[in-house]
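Student: could you look at this predicted model? Sequence included:
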Amino acid sequence: MQKVKIFIAEDDEVIASNIAASLEKLGYIIAGHADRGENTIQKVEEIKPDLVLVDIHLKGQMNGVAVAKHIHSYFEIPVIFISAHADTLTLNNALPAQAYGFLIKPFEARELKSNITMALYKHDMTRKLRESEERYSLAVRAANDGIWDWNLKTNDIYYSIRWMDMLGYKEGEIGTNPNDWFKLIHPDDQKAFQVNLISHLKGSTSHFEYEYRIQHSNGRYIWVLSRGLAVRDPKGSPYRMAGSQSDITARKLAEERLAHDAVHDALTGLPNRVLFLDRLQNRLERTKRNQNDLFAVMFIDLDRFKVVNDSLGHAVGDQLLVTIASRLKLCLRLDDTVSRLSGDEFAILLDVIKDHSEASQIADRIRGQLKTTAMLGAVERFPTASIGVVLFNKSYSKAEDLLRDADAAMYHAKSLGGNQYQLFDNSMHTSAVKLIRLEGELKRAVERKEWLIHYQPIFSLVDGKPMGAEALVRWLHPKRGILLPKEFIDVAEDTGLILPIGEQILQEASIQAKVWREAGNTEFWVSVNLSARQFQDANLVEKISNILSITGLPGDGLRLEITESVAIRDTEYTIKVLNGLESLGVKTSLDDFGTGYSSISYLKQFPLKVLKIDKSFIQDIKINEKSESLIKAIITMARSIGLEVVAEGVEEEEQLAFLNLHLCDQVQGYLLGHPIAADELTKSLQIKRNKLS
Ligand code: C2E
Ligand code: MG
Ligand code: MG
């Protein structure tokens, strides 16, 4: 161990050398000696001894106390006073120097030794404590935490500047009573804060830690985390508690945002399905306790929303959904919940209603609100919705069941044409279940291609020859046998399954057309029906072009049939697609003409080639004169703008004769040929050709 170096400041030479001798005997090194205050400071600064013995009386301007003070504050070297006087005045004067000992002359060597040992030890401890405090305060400053220190005996609390700054206060602006702090805590967090604090003070928890809201001086609440630790006496009673405070507002807000986003719809900000079901379940539980209060669930699905989305684009669809969401909110009371379940489906929990008539009033209000024009980009829409309503009764115990039945009622409203509301009854349950099953089966049918295409020939009235055939799909259902389109096309359309189904039909029909052409029917074509969804498919032209090149069928070997309602939805788009098809050589027919908008002058703008008069008019021939004149007018006008006219549903000779007389181009119907399998049509084409040759 290194020897301790001691400096002596003593004006009496004799005493100084005595002390020096004692020190050397005790094993210390004499670092130096001075008899004047000024010298002492200068030498101590140079030599840096481990300890200085200072006589209170020194020669020169500075006395021992001033010297000791200087050494203490500038050099941090421990000082022990030596003095002949121990009166109160001298002692009091000496205090500010913060010396580590006081020896009264004359003293013995062992007193000297004990004083020096103690002083060095205490000085070392103080240094370590100061270093650790500095480290701690640096860490606190780096962590940006505030500090509090509570004297439990006096009930005084100290806050660091940062602690107060966090809350927007300056020193002295917050009282030193802890209640001045506690009263700023958010009322909802007060109780839990107290419980946590008290249980730590009582010793039940190893430390105190609590996150809570506290009021900033600007009136707003911020989130803080407080941690603390009580200091206890040997009996375990706390007498002091100190801790930190960190601002966690940013983290809390982010957490709240995440929690909010998890149960809300990003587009409309409405509660999502999870939150809706949660609230509904709560409502159910509440009713269990009071059987008399009634509530209802509404399921809302926009009519033909997919058309908006497909034809005007998703951005416009989104805009419509946001509008609808805010309109729905307008129709409801504060306690009701409106939620967006998915896509264009919304659900409403009517928290309290008197009876079903109140629910129907609200449904009417909603329909009224929705109907007001929504401007979508440049397009005006009058959104309508199908609404299903279910009233609570004791048989319900699960939120999901209520929602399922409201959904079934909505489906029923939709199946009746939409734009209406239906109250749930049990029979709807079965039909909804059927629909769900059908959807599942359709998916499987797509995978296994359970399609059977029948072809119905279309004849020229000029020479009676078969010119082409319409492809009509049938579903070869593994259990229910052959199903007609009306039993599944709508569901396929609603679920989007029509896209894969339609593509499979287009492919197969094109392959078949190619077969017939190669068998010698060189100008024969096959006409395929396209649904709305297929037509709205932005890749339609590309898909058709691919099918043609894969099958090797020339464009004029394929025709497509669309209905008016599909064509007039978005004029610009329709024209673009029809032009695209025309460039492939594919002609497009307007199917079921007469049942819809039916304005030939309006149709002029579309590059259409064929018009099919709906069978309902054909069947009116010889029955209804109005229909007859309509057919005549259609044929005349269609011919005038260069359209081929086809009559479908020809069942009677008289109908055929009428159409012949009025110069209809082509006919199709049971009278001339039913829809039949491709093989059968192949045979009859064979016969016809043989007859011709
Ligand atoms: P559509 O395109 O108007 O087809 C004509 C419908 O009339 C066919 O019914 C056909 O079998 C029937 N029909 C033909 N001749 C006569 C007749 O003389 N008298 C009567 N009363 N009916 C006759 P189908 O096959 O049941 O098809 C019904 C509808 O289903 C079709 O009407 C078409 O809109 C749709 N459809 C058929 N196949 C497909 C398809 O592959 N894709 C799409 N998207 N729709 C299809
Ligand atoms: Mg058709
Ligand atoms: Mg038709």
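Tutor: That came in fine, so what should we check first? Ligands and ions are numbered 1, 2, ... in the order given.

Student: pLDDT weak spots in the stretch 401-550 of the chain?
Tutor: Scanning the stretch 401-550 of the chain with the threshold set as pLDDT under 70 gives 431-433.

Student: so residue 450 sits right up against residue 478, yeah?
Tutor: Yes: the pair residue 450 and residue 478 passes the contact test of Cβ atoms under 8 Å, sitting 7.1 Å apart. (Glycine included, C-beta is placed from N, CA and C.)

Student: of those two, who's got more company?
Tutor: Using other Cβ atoms under 10 Å, the more surrounded residue of residue 450 and residue 478 is residue 450, with 18 against 11.

Student: show me which residues of this structure sit near ligand 3.
Tutor: Those residues of the chain that sit near ligand 3, judged by Cβ under 5 Å from the ion, are 591, 592.

Student: tell me the residues of the chain that contact ligand 1?
Tutor: 456, 471-473, 484-485, 489, 502, 505, 529-531, 561, 591-592, 615, 648-651, 669-670, 675 (Cβ under 6 Å from any ligand atom).

Student: drop anything exposed from those residues.
Tutor: Among those, those classed as buried by 16 or more other Cβ atoms under 10 Å are 456, 471-473, 489, 502, 505, 529-531, 561, 591-592, 615, 648-650, 669, 675.

Student: the residue of the stretch 201-350 of the chain at minimum distance from ligand 2: neighbour count?
Tutor: Here the residue of the stretch 201-350 of the chain nearest ligand 2 is residue 307; by Cβ to the ion that distance is 20.0 Å. For residue 307, the neighbour count with other Cβ under 10 Å is 18.

Student: okay, and it sits in which element?
Tutor: According to DSSP states H and E, residue 307 maps onto helix 305-312.

Student: immediately after that helix, which helix or strand?
Tutor: Scanning forward in sequence from helix 305-312 by DSSP H and E, the next helix or strand is helix 314-330.

Student: which neighbouring elements make contact with that following helix?
Tutor: Applying 3 or more Cβ pairs under 8 Å, 6 or more residues apart in numbering; DSSP states H and E, one finds that helix 314-330 makes contact with strand 294-302, helix 305-312, strand 337-342, strand 345-353, helix 356-371, strand 374-376.

Student: try it again at 6 Å.
Tutor: In this structure, helix 314-330 packs against helix 305-312, strand 374-376, with contacts taken as 3 or more Cβ pairs under 6 Å, 6 or more residues apart in numbering; DSSP states H and E.

Student: go back to the buried ones among the residues of the chain next to ligand 1 and keep what's next to ligand 2.
Tutor: Among these, the ones lying close to ligand 2 by the criterion of Cβ under 5 Å from the ion are 529, 561, 591.

Student: now the residues you listed as a markdown table including secondary structure?
Tutor: As requested, these are arranged in a markdown table below (DSSP: H, G, I helix; E, B strand; the rest coil):
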| residue | secondary structure |
| --- | --- |
| 529 | strand |
| 561 | strand |
| 591 | strand |
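
Student: quick one: which of the residues you listed is nearest ligand 1?
Tutor: residue 529 (3.7 Å; Cβ to the nearest ligand atom).

Student: how about that closest one: what's its closest non-neighbour residue?
Tutor: Sequence neighbours aside, residue 561 is the residue nearest to residue 529 in space, at 4.7 Å (criterion: Cβ to Cβ, 6 or more residues apart in numbering).

Student: tell me the contacts of that neighbour?
Tutor: 527, 529, 589, 591 (Cβ atoms under 6 Å, 6 or more residues apart in numbering).

Student: just to check, residue 589 is in contact with residue 613?
Tutor: No: look at residue 589 against residue 613 with Cβ atoms under 6 Å: they stay out of range, at 10.8 Å.

Student: so where's the protein uncertain?
Tutor: 1, 291, 373-381, 431-433, 596-598, 601, 688-693.

Student: up against ligand 2, what does it have?
Tutor: Residues of the chain that fall close to ligand 2, judged by Cβ under 5 Å from the ion: 529, 561, 591.

Student: ignoring the adjacent residues along the chain, who's closest to the last one?
Tutor: Of all residues not flanking residue 591 in the chain, residue 561 sits nearest, at 4.2 Å (Cβ to Cβ, 6+ apart).

Student: bridging residues for that neighbour?
Tutor: Legend: beta-bridge partners of residue 561 under DSSP bridges are residue 529, residue 589.

Student: from residue 612, how far out is it?
Tutor: The gap separating residue 561 from residue 612 is 7 Å, by Cβ to Cβ, to the nearest Å.

Student: tell me, what's touching the two both at once?
Tutor: Common contact partners of residue 561 and residue 612 (Cβ under 6 Å, 6+ apart): 589, 591.

Student: hmm, back to that, so which of the buried ones among the residues of the chain next to ligand 1 sit within strands?
Tutor: Among those, the members falling in strands are 456, 471, 472, 473, 529, 561, 591, 592 (criterion: DSSP state E).

Student: can you pull the contacts of the first one?
Tutor: To tie it back to what came earlier, the one meant is residue 456. Taking Cβ under 6 Å, 6+ apart, we find residue 456 in contact with 469, 470, 675.

Student: do the same with the second one
Tutor: Contact criterion Cβ under 6 Å, 6+ apart gives 453, 455, 509, 526, 528 as the residues in contact with residue 471.

Student: so what's the first one closest to, chain neighbours aside?
Tutor: In this case it means residue 453. Distances taken as Cβ to Cβ, 6+ apart put residue 471 closest to residue 453, at 5.1 Å, once the chain neighbours are dropped.

Student: give me the neighbour count for the closest residue to ligand 2 within the stretch 51-200 of the chain.
Tutor: Of all residues in the stretch 51-200 of the chain, residue 188 sits closest to ligand 2, at 66.5 Å by Cβ to the ion. Neighbourhood size, residue 188 [other Cβ under 10 Å]: 10.

Student: how close does residue 602 sit to ligand 3?
Tutor: From residue 602 across to ligand 3, the span is 19 Å (Cβ to the ion, to the nearest Å).

Student: packing partners of the helix or strand encompassing that residue?
Tutor: Under the criterion of DSSP H and E, residue 602 resides in helix 600-603. Using 3+ Cβ pairs under 6 Å, 6+ apart as the contact definition, helix 600-603 packs against no other helix or strand.

Student: residues in contact with it?
Tutor: Taking Cβ under 6 Å, 6+ apart as the criterion, the residues outside helix 600-603 that touch it are residue 637.

Student: who are the packing partners of the helix or strand following that helix?
Tutor: Proceeding N to C from helix 600-603, the next assigned helix or strand is strand 610-613, under DSSP H and E. Using 3+ Cβ pairs under 6 Å, 6+ apart as the contact criterion, the neighbours of strand 610-613 among helices and strands are strand 587-593, strand 644-647.

Student: adjacent strands (with direction) for strand 610-613?
Tutor: Sheet pairing for strand 610-613, using DSSP bridges, gives strand 587-593 (parallel), strand 644-647 (parallel).

Student: winner for burial among the ones you listed?
Tutor: For these, ranked by mean neighbour count under the definition mean count of other Cβ atoms under 10 Å, the leader is strand 644-647 at a mean of 26.

Student: hey, where'd the helices end up in the stretch 151-300 of the chain?
Tutor: Per DSSP state H, counting those that start in this stretch, the stretch 151-300 of the chain has helices spanning 161-166, 178-182, 187-201, 249-262, 273-289. These are given in chain order.

Student: packing partners of the first one?
Tutor: Secondary-structure packing of helix 161-166 (3+ Cβ pairs under 6 Å, 6+ apart): strand 146-151.

Student: give me the contacts around the strand it packs on.
Tutor: With contact meaning Cβ under 6 Å, 6+ apart, strand 146-151 is reached by 140, 157-160, 162-163, 166, 178, 240-245.

Student: try 8 Å this time
Tutor: Residues outside strand 146-151 that contact it (Cβ atoms under 8 Å, 6 or more residues apart in numbering) are 140, 156-160, 162-166, 178, 181, 226, 228, 239-246.

Student: distance from it to the middle of the chain?
Tutor: Centroid displacement of strand 146-151 relative to its chain, using Cα atoms, centre = their mean, to the nearest Å, is 41 Å.
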